[in-house]
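K.L.:
fold the stuff below for me.
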Amino acid sequence: MNKFKIFHQLHNDILLLPNAWDPLSALLLEQAGFAAIATTSWGMAQARGQQDGEQCSFAEFLNQLKPIVNAVSIPISVDIESGYSNDINTICQHVLAVAKLGAVGINIEDSDKKTGKLRTQKQQIAILSAIKETLNKHGFSQLFINARTDCFLQTAKIGPTITRSLAYQAAGIDGVFIPGLTDSAAIKQLKTALSVPLNIMADDLATDSNSLFTQGVQRFSLGNSLFDATKHFILTASCTFNNAKNCDHLFQ
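P.N.:
Below you'll find the model as predicted:
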């Protein structure tokens, strides 16, 4: 069975998906026993010394991504933010480049990085449809497209979020990703409406992940939380060493 099929089948149950930002973090997550991993655009950007939001060129992103994908043997899904362009053909070529690196899936969001606003539903459907057509044409029809909508992040309204999610589902995507959604009733409402897997991301305000699974959530990702926890540990441990002139805490 190829990695594409494995990744799709993992969504038939509960998929815990941690997010890596460099080859070492990817290797450690594989060693921890995860069946698949994803990348975090936030963590990759921070590792470059930048903020999230496509602050580098796509060529730079691809060069950073390649050793991460090559580091592990398990399926890996890649966060490509909004596709590093607003031009449909360019976005399609970017997705194809990620597929050719060996990724089994992508996250692609409907935010316009230049304006900070949502793309129109019509624009995003055109993008998703073109991506599907390009992948099919080049032999990557099994690449898992996780369509992220930032509708709930920007409006905090479940109605428009469901409308967009259903429209993306109709465009042929494989999963829907709703960051910022933590309300149990809203999650249940969304899951009832969808027939594709629902991805919820770890959040400080989120309920216990086990309760999410009872509501039908099939994919639970860590997003930037593992990177942020790692960064916090390094900063805290380093400050302790600098202030106390003692490193015993590193060996406990």
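K.L.:
what comes up buried for the biggest helix by length in the chain?
P.N.:
Longest helix in the chain, counting residues (DSSP state H): helix 225-244. Residues of helix 225-244 classed as buried: 225-227 (neighbour count, 16 or more other Cβ atoms under 10 Å). Glycine gets a C-beta too; all of them are placed from N, C-alpha and C.
K.L.:
do the same with stretch 98-113
P.N.:
98-99, 103-113.
K.L.:
again, but for stretch 7-21
P.N.:
7-8, 10-11, 15-21.
K.L.:
now, which of those residues sits nearest residue 137?
P.N.:
The nearest member of the buried residues of stretch 7-21 to residue 137, counting by Cβ to Cβ, is residue 8 at 19.8 Å.
K.L.:
rewinding a little: for the buried residues of stretch 7-21, which one is nearest residue 119?
P.N.:
Of these, the one sitting nearest to residue 119 (Cβ to Cβ) turns out to be residue 19, at 23.6 Å.
K.L.:
residues contacting the closest one?
P.N.:
Shown in contact with residue 19 (Cβ atoms under 8 Å, 6 or more residues apart in numbering): 37-40, 43, 79, 221-224, 226-227.
K.L.:
residue 68: neighbouring residues, count only.
P.N.:
Using other Cβ atoms under 10 Å, residue 68 is surrounded by 23 other residues.
K.L.:
now do the contacts for it.
P.N.:
20-23, 26, 39, 76.
K.L.:
show me those residues that map onto helices.
P.N.:
Among the contacts of residue 68, the members falling in helices (DSSP H) are 23, 26.
K.L.:
distance to residue 165 and pLDDT for the contacts of residue 68 - can I get that in TSV?
P.N.:
Listed next are those as TSV, based on distance: Cβ to Cβ, whole Å; pLDDT from 0 to 100:
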residue	distance to residue 165	pLDDT
20	26	98
21	27	98
22	32	98
23	33	98
26	29	98
39	23	98
76	24	98
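K.L.:
export the contacts of residue 68 to TSV and tack on distance to residue 244?
P.N.:
Output for the contacts of residue 68, formatted as TSV (distance: Cβ to Cβ, whole Å):
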residue	distance to residue 244
20	32
21	29
22	29
23	32
26	33
39	36
76	39
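K.L.:
any idea how far residue 131 is from residue 94?
P.N.:
Distance of residue 94 to residue 131, computed by Cβ to Cβ, to the nearest Å: 9 Å.
K.L.:
could you export stretch 141-156 as PDB, CA atoms only?
P.N.:
What follows is stretch 141-156, C-alpha atoms only, in PDB (Å, rounded to 0.1, in the frame of the first residue of the first chain):
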ATOM      1  CA  SER A 141      -4.900  12.300  -7.700                       C
ATOM      2  CA  GLN A 142      -4.500  10.700  -4.300                       C
ATOM      3  CA  LEU A 143      -2.900  13.800  -2.700                       C
ATOM      4  CA  PHE A 144      -5.000  14.600   0.300                       C
ATOM      5  CA  ILE A 145      -6.300  18.200   0.100                       C
ATOM      6  CA  ASN A 146      -7.200  19.500   3.500                       C
ATOM      7  CA  ALA A 147      -9.200  22.700   2.800                       C
ATOM      8  CA  ARG A 148      -8.700  25.200   5.600                       C
ATOM      9  CA  THR A 149     -11.200  28.000   6.000                       C
ATOM     10  CA  ASP A 150     -10.400  30.900   8.200                       C
ATOM     11  CA  CYS A 151     -14.100  32.000   8.200                       C
ATOM     12  CA  PHE A 152     -14.600  31.100  11.900                       C
ATOM     13  CA  LEU A 153     -11.400  32.800  12.900                       C
ATOM     14  CA  GLN A 154     -12.500  36.000  11.200                       C
ATOM     15  CA  THR A 155     -16.300  36.000  11.900                       C
ATOM     16  CA  ALA A 156     -16.800  33.600  14.900                       C
END
